[in-house]
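In: Sequence plus predicted model, see below.
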Amino acid sequence: MSKLYFSYSAMNAGKSTVLLQAAWNYRERGMSPQLYTAAIDNRDGADRVTSRIGIEAEARTFTQGSDLFLEIGALGTCHAVLFDEAQFLTDLQVWQLAKVCDELSIPVLCYGLRTDFQGKLFPGSAALLAIADNLREIRTICWCGSKATMTLRLDPDGKPVEEGEQVAVGGNESYISLCRKHWRSGELGK
């Protein structure tokens, strides 16, 4: 039986790097993986999975209206499907991905944030945490050296933001990963 995997973390833990390494491993063995990323995050081009360490690969994009079961079923030969920015999946799409595993026998590997800047679950992450066959935390660290589990949003002046829309696409200029203690206090380090 193929499985639905969810690898999650705070920002800047290397989720995209791990995804790209997994895709490389499939290709190295002569298999055909298919990569997807959220159309909403087009900072590096709408059809690319890009890692901060400089590696990237072409990807299909998904929107909240994408029927992923139908799309993946129409791909032809596909040995695995890998999703970057999986927090942006809808609840329905996560169930579609489970159906890909169960009915098409294709493993689905999802990579994304667990929570937003307010410590609330993203819809896609909540559904993946509920039904994925395998959960894995990708770890990163806070400025204090403790494990970072939270993501703090910053305004243009580098000050913590406590309210706003759940989704605001950005990188290191907009977000910092912190341990829960420093996320709660808003202390950004030295």
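Out: Looks like it came in fine.
In: in what helix or strand does residue 128 lie?
Out: In the assignment (DSSP states H and E), residue 128 maps to helix 123-131.
In: pLDDT (mean, whole number) over that helix?
Out: Helix 123-131 carries an average pLDDT of 97.
In: Now that helix: buried residues?
Out: 123-128 (16 or more other C-beta atoms under 10 Å). Yep, even glycine has a C-beta here, placed from its N, CA and C like the rest.
In: where are the low-confidence patches of this structure?
Out: 41-46, 164, 167-173, 190 (pLDDT under 70).
In: per the record, what domains does it have?
Out: The record's domain split for the chain, according to automatic domain parsing, is 4-139, 147-185.
In: and these, which is most packed in?
Out: domain 4-139 (a mean of 18; mean count of other C-beta atoms under 10 Å).
In: Ends of stretch 35-49, what's the gap?
Out: Criterion C-alpha to C-alpha, to the nearest Å; first-to-last residue distance in stretch 35-49 is 8 Å.
In: Against which helices or strands is the helix holding residue 128 packed?
Out: Helix 123-131 is packed against strand 4-9, helix 91-104, strand 108-113, with contacts defined by 3 or more C-beta pairs under 8 Å, 6 or more residues apart in numbering; DSSP states H and E.
In: Nothing else from me, thank you.
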